[in-house]
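Engineer: my questions concern the predicted model and sequence given below.
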Amino acid sequence: MNKKYKKLVLSIILDAVGFIPFIDIVWAPLSAYLMTKMYKGKQGKIAAVISFIEEAIPFSDVIPTFTIMWIYSYVINKEKVEEIIEF
């Protein structure tokens, strides 16, 4: 399994941890920190803020923030890079 798919598995696991009730106070800042470590740059910082807010708001834990960021990084952003190369 290559590095990007290991990151996908880790993203799914971290999203599952976010489903655990009553750990939001601890998990919100930790998830933001982990997001900045997994995804560098401006996109990682924006995702960290979104992750923190999503985890801090009660009952919004169903949003798979880490997995969405993986899809953005490896599927959506990859297409943009390929379009630039084609020109």
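Structural biologist: That came through, no problem. Numbers count the residues shown, from 1 in each chain.
Engineer: now stretch 25-38: buried residues?
Structural biologist: 27-28, 30-32, 34-35, 38 (16 or more other CB atoms under 10 Å). (Glycine included, C-beta is placed from N, CA and C.)
Engineer: which residue is the nearest non-sequential neighbour of the residue nearest the centre of the chain?
Structural biologist: The residue lying closest to the centre of the chain (CA atoms, centre = their mean) is Phe66, at 2.3 Å. Nearest residue to Phe66, sequence neighbours excluded (CB to CB, 6 or more residues apart in numbering): Ser11, at 3.7 Å.
Engineer: repeat for Ile63
Structural biologist: Nearest non-adjacent residue to Ile63, counting by CB to CB, 6+ apart: Glu54, 5.2 Å away.
Engineer: which pair of the buried residues of stretch 25-38 spans the longest distance?
Structural biologist: Ala28 and Met38 (16.0 Å; CB to CB).
Engineer: of the buried residues of stretch 25-38, just say which sits nearest to Gly44.
Structural biologist: Met35 (6.2 Å).
Engineer: in this structure Ala47 contacts Met35, no?
Structural biologist: Yes - at 4.9 Å, Ala47 counts as touching Met35 under the criterion of CB atoms under 8 Å.
Engineer: list residues touching both of the two?
Structural biologist: Both Ala47 and Met35 are contacted by 65, 69, under the criterion CB atoms under 8 Å, 6 or more residues apart in numbering.
Engineer: before we move on, the earlier item: dump the residue contacts of the residue nearest to the centre of the chain.
Structural biologist: Taking CB under 8 Å, 6+ apart, one finds 10-12, 14-15, 31, 34-35, 38, 51 in contact with Phe66.
Engineer: right, I'll leave it there.
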